[in-house]
Structure formats: structure tokens, C-alpha cells
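>>> after the sequence you'll find the predicted model.
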Amino acid sequence: MTSEVVLEAEALTKHFPVRARGRAALSRGPKVVHAVDDVSLSLRRGRVTALVGESGSGKSTVARLLAQLYPRTGGDIRIGGVSTAVKGGGRHFKAYARRVQMIFQDPFASLNPVHTVRHHLTRALKIHGRYTGEESLAELLGRVQLTPASLYLEKYPHELSGGQRQRVSIARALAAAPEALLADEPVSMLDVSIRLGVLNLLRDLKERLDLAILYITHDIASARYFADETLVMYAGRMVEGGDSETVTQRPAHPYTHLLVHSAPDPERVRGGPAPYDDEDTGEPPSLIDPPSGCRFHPRCPKAMDVCRTRVPERTLVGDAPDHWVACWLFEDEGRGEGQSADAETDIEVTDIETTDVEGAEPEAAEPEAPELEGAAP
Ligand SMILES: Nc1ncnc2c1ncn2[C@@H]1O[C@H](COP(=O)(O)OP(=O)(O)OP(=O)(O)O)[C@@H](O)[C@H]1O
């Protein structure tokens, strides 16, 4: 874990204002959606960091904050160690976007249907001052394994397969020669059969271009396969993090257990231990009025009194050097950040052997949909 930090967030917070309606508008003060609270993370050169959690846990908001597509409510974003807050559109945003690029879930929506691949890539290269004629286009397409370039350059998005479209989106992001790539569920809309190919491409790019990649996913099994480090988010807060093997094989937080247990797991099907009742998955809370203390406590089978009132701090656990959890169950065993000790928990651990990404995503109820004041871009 010693490679250089490219992009980091410290105590990042985003609250979206919501308009109260009816009597609530008269009786209560302004309401906000607590989409992201106190999130800290570091993206390092040549490493993939997975951000895992159910729908509505705040993953996309973290990515959009890191891409400077939203202003933040609080906290800091540093690129190359320098604090940065950029407003969309201008010269500063362009300079930032040269270093930090984002790819989205739906490549069909992010490519303009009336333009060819040539148009998309030429434009991106020109914006970032890197267009040097045909060979720069061929080089970009080569990077995403769309060769020979002549087969693809004159094609429109609808003439490409889903996987090819996502590769063109990735090529367009690479036109900036970024240091960090924020990939928001980059394979979840693709056919199961081609997901692995796109993840392998991203991994290859990470290695060849020394990219720092944030990989957002619902699917913790794919995080184990693809990411060096895995961070788990629940209801706007980060609850656990560490190297992917440890977080997915020896999860500490009860919520991570739930995610691991909901993932496809041949061992469990053969009778491996189940830490919790499979059916008892509950629902994520409203983020307008999130639970006090640990936000997972209403769903947590291990909840204690303290969980209802006080937010747990990050504490290092287990043998792996950077494995941390924010959970009161570990108050006694925790080493505090930077110390060393063993942590035993009374939670049984379920091994997962799944290494492909074809599994179903854990089901999650949609959180309460607020009336938006600031529309998402
Ligand atoms: N522009 C907005 N205005 C108000 N609330 C918003 C806005 N964007 C997101 N939210 C809310 O913030 C919370 C976090 O949403 P976000 O999209 O970041 O979660 P997510 O984990 O990425 O979910 P998904 O996997 O479904 O994309 C949700 O409750 C969502 O409704």
C-alpha cells in the first residue's frame, strides 16, 4: 500500500437540500438528504479501490464529488496533495478533468447517438490538446482493444455492442491521459458474458498506465476479483475498508457480512456457515432523517445500546495491516489507527470462492425519493 496517492478525500460530506411539502414545510426547518457524511479515502497510482454498497448508499455521490461535478457541503478533496474545489465548466474544471476522468454505467447515454466514434474521440483529444491526427485515434482505440481502428472509427453508438460502447467511453476518458479514473458501475449494464472482458481491460489499463481507479459496484464478489482495496459504504457513511481479500474473506462489520452473504457463494450453497438469517436483510434507512449512532443499527442483529446513540470511529482490526472497521463490536479488540493487535470477533465468517462477476446484485429497496432542488447532472 505504498504507491503514491493521486486523489484523496477527507471527511467528505454532501447534503442535498429537499423541499418539504404540506404541513411539514410550515412546522419544520429546512431538510436535507445526508447522501455522504464524513467519507475519507485515498486513490493510489496503479491500484483499484472498490467502493461497495447497496443502492442509495452514496457511492455515485462520492464519485461525482471527486469529479467536482457537485460542490461539497464539507470536507476536503486533494489532488497530488493540493486541496481543490472547482466549479463546473470553466478553465479550472478543464484542468481538473484532464487529471480526473469519470466513466458511467450506461455507455449508450453518455455517447451522443448522432456522432461517430471518430467524432467522440477527436473532440476529446482536441479538448485536452492531444490530437495529433489519425495515429492518436488509432492509439486510443488500441488501448481499449478495438482494433483495427478502421473497423470502428466511422461507427455510430447504435452500431456497436454494449461492451464496445463502454470501451469507446473508456477510450474517450483516456484521451485526457488522466491520473485517476472514476468508474461508476462500469459493467452493471453490460451483458454478463462481457463484463469480465471490460474489467480485465480496466485492470490492464491500471497496470500499463499506472492509473488510480475508483470502481463503484453493488457486487462485492467482483470487488474481490478486480480491486486491490475494498471500501464498504452504508447509508452515506463508510463502515469498513482494507485489502479486498481480507474485507471479502474476513469481513468485520455486520453490514459487510450481509453483503458477502448476499453475493453468489458456492461454499455457502454447499452448507458453509451463515452468520445471519438470509431472509432478514431489512431496508436501508431514509437519508433525510438517518438513524442516530451507527446508521446500520436498526438492521443489525448485533446492535447494542451504544450503537443507537454514538457514531463508531474507525478502528484497525485483525492481522491485515490496513483493515479497519467502524463498529462498536470492535471497541475492545480495535488497535486504534496505526497500532497492532489481533482482533477476534464472535461473528462467524463465510468464505466466498466466487471470482467471476456474473452474480446477481444484492436486492435493496430504493430509499425514499426526495423532491430535488438541485438536479443531478
Ligand atoms: N441531486 C440530488 N438531490 C437530492 N438527493 C439526491 C441527489 N442525488 C442523490 N441523492 C440522494 O442521495 C442518496 C445517495 O445517492 P447515490 O446515487 O449517491 O447512491 P448510490 O449508492 O450511488 O446508489 P445507486 O447504486 O442506486 O446509484 C440517495 O438517497 C439519493 O436519493
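That came through, no problem. Numbering: from 1, shown residues only.
>>> going forward, measure contacts and count neighbours with C-alpha atoms only.
OK.
>>> pLDDT weak spots in the protein?
1-2, 20-29, 88, 264-281, 333-377 (pLDDT under 70).
>>> can you give me the strands in it?
Using DSSP state E, the strands of the chain run over 5-18, 31-44, 47-52, 74-79, 82-83, 100-103, 180-184, 212-217, 229-234, 237-243, 315-316, 324-325.
>>> same for the last one, what does it pack against?
Under the contact criterion of 3 or more CA pairs under 8 Å, 6 or more residues apart in numbering; DSSP states H and E, the helices and strands touching strand 324-325 comprise strand 237-243, strand 315-316.
>>> name the residues that touch that strand?
Outside of strand 324-325, the residues within contact range by CA atoms under 8 Å, 6 or more residues apart in numbering are Val239, Glu240, Gly241, Gly242, Ala252, His253, Glu313, Arg314, Thr315, Leu316, Val317.
>>> mind running it again at 7 Å?
When contacts are defined by CA atoms under 7 Å, 6 or more residues apart in numbering, strand 324-325 is touched by residues Val239, Glu240, Gly241, Gly242, Ala252, His253, Arg314, Thr315, Leu316, Val317.
>>> sorry, back to before: would you list the strands of the chain in JSON lines and tack on mean neighbour count?
JSON lines is the format used below for these (neighbours: other CA atoms under 10 Å):
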{"stretch": "strand 5-18", "mean neighbour count": "20"}
{"stretch": "strand 31-44", "mean neighbour count": "20"}
{"stretch": "strand 47-52", "mean neighbour count": "27"}
{"stretch": "strand 74-79", "mean neighbour count": "18"}
{"stretch": "strand 82-83", "mean neighbour count": "12"}
{"stretch": "strand 100-103", "mean neighbour count": "23"}
{"stretch": "strand 180-184", "mean neighbour count": "25"}
{"stretch": "strand 212-217", "mean neighbour count": "28"}
{"stretch": "strand 229-234", "mean neighbour count": "25"}
{"stretch": "strand 237-243", "mean neighbour count": "25"}
{"stretch": "strand 315-316", "mean neighbour count": "26"}
{"stretch": "strand 324-325", "mean neighbour count": "28"}
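>>> now these in a markdown table, with distance to the ligand?
Shown next, in a markdown table, are those (distance: least, CA to the nearest ligand atom, whole Å):
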| stretch | distance to the ligand |
| --- | --- |
| strand 5-18 | 5 |
| strand 31-44 | 4 |
| strand 47-52 | 8 |
| strand 74-79 | 15 |
| strand 82-83 | 22 |
| strand 100-103 | 13 |
| strand 180-184 | 8 |
| strand 212-217 | 7 |
| strand 229-234 | 8 |
| strand 237-243 | 10 |
| strand 315-316 | 23 |
| strand 324-325 | 19 |
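>>> will you turn the ones you listed into TSV that also has distance to Ser193?
Shown next, in TSV, are the strands of the chain (distance: least, CA to CA, whole Å):
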stretch	distance to Ser193
strand 5-18	32
strand 31-44	29
strand 47-52	21
strand 74-79	36
strand 82-83	41
strand 100-103	20
strand 180-184	19
strand 212-217	17
strand 229-234	24
strand 237-243	27
strand 315-316	38
strand 324-325	34
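>>> now for the contacts of strand 324-325: which two are most distant?
Across those, no pair lies farther apart than Val239 and Val317, at 12.7 Å, counting by CA to CA.
>>> the residue in the stretch 151-300 of the chain that the ligand sits nearest to: neighbour count?
The ligand sits closest to Leu287 of the stretch 151-300 of the chain, with a gap of 5.6 Å, by CA to the nearest ligand atom. When neighbours are defined as other CA atoms under 10 Å, Leu287 has 23 of them.
>>> where's it relative to Lys14, distance?
11 Å (CA to CA, to the nearest Å).
>>> helices along the stretch 101-250 of the chain, start to end?
For the stretch 101-250 of the chain, the helices defined by DSSP state H, counting those that start in this stretch cover 107-110, 117-127, 134-143, 162-174, 192-209, 220-226, 244-249.
>>> now the shortest one: buried residues?
Applying a neighbour-count criterion of 16 or more other CA atoms under 10 Å, the buried positions in helix 107-110 are Pro107, Phe108.
>>> what distance separates the start and the end of stretch 210-227?
End-to-end distance for stretch 210-227: 14 Å, by CA to CA.
>>> counting neighbours, what do you get for Pro148?
11.
>>> returning to what we had before: and for Leu287 and Lys14, which residues touch both?
Common contact partners of Leu287 and Lys14 (CA under 7 Å, 6+ apart): His34, Ala35.
>>> if we can go back for a sec, just say which of the helices of the stretch 101-250 of the chain is most tucked in.
helix 220-226 (a mean of 26; mean count of other CA atoms under 10 Å).
>>> and that helix, what does it pack onto?
Using 3 or more CA pairs under 7 Å, 6 or more residues apart in numbering; DSSP states H and E, the elements in contact with helix 220-226 are helix 244-249.
>>> for the helix it packs on, packing partners?
For helix 244-249, the packing partners by 3+ CA pairs under 7 Å, 6+ apart come out as helix 220-226, strand 229-234.
>>> is the first one anywhere near the ligand?
Just to be clear, that refers to helix 220-226. No - Helix 220-226 is not in contact with the ligand by CA under 6 Å from any ligand atom; minimum separation 12.7 Å.
>>> how far off centre is that helix?
Chain-centre distance of helix 220-226: 12 Å, with CA atoms, centre = their mean, to the nearest Å.
>>> again, but for stretch 152-171
For stretch 152-171, the distance to the chain centre is 24 Å (CA atoms, centre = their mean).
>>> got the end-to-end distance for that stretch?
Taking CA to CA as the measure, stretch 152-171 stretches 12 Å from start to finish.
>>> over to stretch 45-55?
End-to-end distance (CA to CA), stretch 45-55: 28 Å.
>>> other residues contacting that stretch?
Stretch 45-55 is contacted from outside by 3-6, 43, 59, 206-207, 210-220, 223, 227-234, 364, 366, using CA under 7 Å, 6+ apart.
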